[in-house]
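A.B. asks: sequence first, predicted coordinates after that:
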Amino acid sequence: MGISKETILVTGGCGFIGSNYVRHLLKTSPSAHIVVLDKLTYAGHRPNLEQEEKGGRCEVVVGDIADGKKVDEVFEKYRPQSVVNFAAESHVDRSIDEPAPFLHTNVAGTFTLLEVTRKYLSGTKGKESEEFRFIHLSTDEVHGSLEPKDPPFCETSTFAPNSPYAASKAAADHLCRAYYRTYGVPTIVLRPSNNFGPYQFPEKLIPLAILRAIAGEKIPIYGDGKQVRDWLYVEDTARAVEAARNKGCVGEAYQIGADAEKDNRTVLTAICDLLDQLRPRSNQKPYRDLIETAVS
Ligand code: NAD
């Protein structure tokens with residue numbers, strides 16, 4: 001007898017963390033069949049999952065998590081055992097320029113997914129409903145930002161979102177808790193710190209710095225560069241999501257951190273020093289010379 005199939009609905013699976021998670025899941029869970037629901041915004045790249053789609057255990061459905069009819073259809077067709085919600089508008093600067101898409105996807109979209117899940121679970125019983133998990137990716141930015149001497153955030157840190165992005169993620173985080181407390185939807189909320197790694201959209205700090213440096217262009221640094229982030233490798237986030245899905249307590253929220261707090265200037269100079277070793281500039285000057293304070 002073969003291994004019984006487990007269907008996992010991964011929203012936003014064509015983005016940075018989602019696509020890394022899909023790869024991790026296919027490698028580590030032989031019974032997993034993955035359905036990706038992704039709107040393919042500017043941040044979603046179907047080619048990120050090209051090989052995985054060819055493998056036959058990963059299907060991509062193009063659609064919006066805020067479209068209740070579409071989400072209903074996906075639940076009806078695939079009957080998932082878990083939902084892992086990565087779908088989001090995720091770029092802070094874009095949320096300052098135009099907040100509406102953030103409210104649409106991060107708040108209305110998460111609400112729609114929770115509502116469809118609630119109705120879906122009301123029609124299930126036994127193992128099917130007991131083992132179902134709704135994993136939601138929140139962010140440590142719901143707690144605001146860290147100053148250089150601040151202790152790391154923890155699960156009980158207060159909510160103090162500083163951008164429309166963080167505020168929309170805070171609303172979704174609260175909705176997940178409320179759906180567990182009110183309706184018993186088995187939600188688990190994860191609050192990772194800043195991720196880095198392969199397939200990240202090149203407008204984020206690390207890939208932007210690498211690409212600019214290699215092109216010999218200025219590497220922008222905002223303010224004094226002392227903004228502290230806890231840098232987390234994306235594969236570690238994928239492992240944490242699986243740990244939460246398999247062993248986490250429903251109704252709980254978990255921080256995911258790497259205990260690797262570094263300010264932006266330290267990160268950028270480390271990248272420059274590595275590039276000096278790996279790919280010296282033709283003019284022999286250090287890459288650090290390219291770091292320049294940007295006017296925001
Ligand atoms: P990303 O921007 O790279 O990817 C987001 C994905 O969601 C894209 O594939 C996009 O097409 C899809 N999407 C956007 N709107 C959608 C909608 N309405 N319906 C369906 N799909 C939609 O984001 P990421 O960096 O991979 O982040 C994934 C999740 O993790 C997000 O919820 C983000 O808030 C959270 N998070 C990210 C970080 C980080 O450092 N990247 C840190 C903490 C938390």
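C.D. replies: Received, thanks. Residues are numbered from 1 along each chain as shown.
A.B. asks: now the strands: where do they sit in the stretch 1-150 of the chain?
C.D. replies: For the stretch 1-150 of the chain, the strands defined by DSSP state E, counting those that start in this stretch cover 6-11, 32-38, 58-62, 82-85, 133-137.
A.B. asks: which of the ones you listed sits most buried?
C.D. replies: Of all the strands of the stretch 1-150 of the chain, strand 82-85 has the most neighbours on average by mean count of other Cβ atoms under 10 Å, namely a mean of 26. C-betas here are computed from N, CA, C, even on glycine.
A.B. asks: in its sheet, which strands sit next to it, and in what direction?
C.D. replies: According to DSSP bridges, strand 82-85 forms sheet pairs with strand 6-11 (parallel), strand 133-137 (parallel).
A.B. asks: possible to save the strands of the stretch 1-150 of the chain as CSV with distance to residue 165 and mean pLDDT?
C.D. replies: Shown next, in CSV, are those (distance: least, Cβ to Cβ, whole Å; pLDDT from 0 to 100):
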stretch, distance to residue 165, mean pLDDT
strand 6-11, 17, 98
strand 32-38, 19, 98
strand 58-62, 24, 98
strand 82-85, 16, 98
strand 133-137, 13, 98
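A.B. asks: can you put those strands in a markdown table and add distance to the ligand?
C.D. replies: Output for those, formatted as a markdown table (distance: least, Cβ to the nearest ligand atom, whole Å):
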| stretch | distance to the ligand |
| --- | --- |
| strand 6-11 | 6 |
| strand 32-38 | 5 |
| strand 58-62 | 9 |
| strand 82-85 | 7 |
| strand 133-137 | 4 |
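A.B. asks: and those strands as TSV, adding distance to residue 75?
C.D. replies: Listed next are the strands of the stretch 1-150 of the chain as TSV, based on distance: least, Cβ to Cβ, whole Å:
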stretch	distance to residue 75
strand 6-11	8
strand 32-38	10
strand 58-62	11
strand 82-85	9
strand 133-137	12
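A.B. asks: low-confidence bits of the stretch 151-296 of the chain, can you list those?
C.D. replies: By pLDDT under 70, the weakly predicted segments of the stretch 151-296 of the chain are 295-296.
A.B. asks: now the residue in it positioned nearest to the ligand. Its backbone dihedrals?
C.D. replies: Distances between the stretch 151-296 of the chain and the ligand by Cβ to the nearest ligand atom are smallest at residue 195, namely 3.6 Å. Phi and psi for residue 195, reported as degrees, to the nearest 10, are phi -90, psi 150.
A.B. asks: what parts of the stretch 1-150 of the chain come near the ligand?
C.D. replies: Within the stretch 1-150 of the chain, the positions lying close to the ligand (Cβ under 6 Å from any ligand atom) are 11-12, 14-18, 37-41, 43-44, 64-66, 86-90, 105, 109, 137, 139.
A.B. asks: quick revisit: the residue of the stretch 151-296 of the chain closest to the ligand touches residue 232, doesn't it?
C.D. replies: Yes. Between residue 195 and residue 232 a contact is recorded at 5.3 Å, counting by Cβ atoms under 8 Å.
A.B. asks: what's the overlap in contacts for the two?
C.D. replies: Shared contacts of residue 195 and residue 232, defined by Cβ atoms under 8 Å, 6 or more residues apart in numbering, are absent.
A.B. asks: helix, strand or coil for residue 189?
C.D. replies: strand (DSSP: H, G, I helix; E, B strand; the rest coil).
A.B. asks: tally of neighbours for the residue of the stretch 151-296 of the chain closest to the ligand?
C.D. replies: Residue crowding around residue 195 was assessed by other Cβ atoms under 10 Å; the count is 24.
A.B. asks: quick revisit: just the buried ones among the residues of the stretch 1-150 of the chain next to the ligand, please.
C.D. replies: Buried residues within those, counting neighbours by 16 or more other Cβ atoms under 10 Å: 11-12, 14-18, 37-39, 41, 43-44, 64-66, 86-90, 105, 109, 137, 139.
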